[in-house]
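Asker: Turn this into a structure:
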Amino acid sequence: MRPLLFSLSLALLWGCASNPEPAASPAPQPAEQAQAKLVPADVQGLFDSACTGCHGPEGAAGLDLSAESAYAAIVNHESQGVPGMPLVTPSNPGRSYLLHKVAGTHEKVGGGGKRMPIGGTWGPEGDVNMEDMGALCRWIEAGAPARE
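Answerer: Got it, this is the predicted structure:
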C-alpha cells in the first residue's frame, strides 16, 4: 500500500507542476500587509487538521501554519530544507518545498527529514488524502492567491 500512495503522491505532485522552471518571486511585502493575508479555507483546513499541532503559534517546530500566520510564513519564504527553494513558490508546485514534504518527495529535491505530518497517515481515510493534496497543489498552481 505504501508504494502505491507514494506513486500517487508523486504523480499528483508532478502532474500539477505545469512550470518546472523556477518562477520569479514577487518583491517582499511589508510584514503588516503580508500578515493580513490568509490561505484559502480548504488549504487552511489541511493545516488545521494535520499540521498546527506541531506548526502552530506555540509549536516548537519554528513554522507557524495557524490561520493568522500561514500565508506570510510559507509564500515566497525560503525553506530550511532546501536553500533556494521556497516553501511555496506561486504558480510552481514543483518548486514548492512544502508540497514536497507533504507528498513525500522532499528527498528527491535535496531535502531531508521525515515526511509531513510526522506520524500522519496518507490515503483515502488518512490525515492527508488526495483531495487535500489536490487543494494544496491547485492553490499553488493558481499563483497562491491570498484570501483577504
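
Asker: For Ile74, report the pLDDT, please.
Answerer: In the predicted model, Ile74 carries a pLDDT score of 97.

Asker: In contact with it, which residues are there?
Answerer: For Ile74, the contacting residues are 39, 63, 65, 86-88, 98, taking CB atoms under 8 Å, 6 or more residues apart in numbering as the criterion. C-beta: built from backbone N, CA, C; applies to glycine.

Asker: need the contact list for the most centrally placed residue in the chain.
Answerer: Nearest to the mean C-alpha position of the chain, by CA atoms, centre = their mean, lies Leu98 at 3.3 Å. Under the criterion of CB under 8 Å, 6+ apart, the neighbours of Leu98 are 74, 79, 87-88, 136.

Asker: Drop the exposed ones from the residues you listed and show what's left.
Answerer: Restricting the contacts of Leu98 to buried positions leaves 74, 79, 87-88, 136, with burial counted as 16 or more other CB atoms under 10 Å.

Asker: farthest-separated two in those?
Answerer: Ser79 and Leu136 (15.0 Å; CB to CB).

Asker: And for Lys108, the neighbour number?
Answerer: 12 (other CB atoms under 10 Å).

Asker: tell me the secondary structure for it?
Answerer: When classified by DSSP: H, G, I helix; E, B strand; the rest coil, Lys108 comes out as helix.

Asker: Next step: the contacts of Ile74 restricted to helices.
Answerer: Of the positions in the contacts of Ile74, Leu98 sit in helices, assigned by DSSP state H.

Asker: Next one, pLDDT for Pro124 please.
Answerer: 87.

Asker: What strand or helix carries it?
Answerer: According to DSSP states H and E, Pro124 maps onto no helix or strand at all.

Asker: Go ahead and confirm it touches Met130.
Answerer: Yes. With contacts counted by CB atoms under 8 Å, Pro124 reaches Met130, the gap being 7.5 Å.

Asker: would you list every one of the helices in the protein?
Answerer: 2-16, 31-35, 41-50, 70-74, 97-103, 130-141.

Asker: What are the neighbouring residues in contact with the residue nearest to Val43 when sequence neighbours are not counted?
Answerer: What sits nearest to Val43 in space, not counting adjacent residues and going by CB to CB, 6 or more residues apart in numbering, is Trp139, at 5.1 Å. Trp139 makes contact with 39-40, 42-43, 145 under the criterion CB under 8 Å, 6+ apart.

Asker: Perfect, I'm done here.
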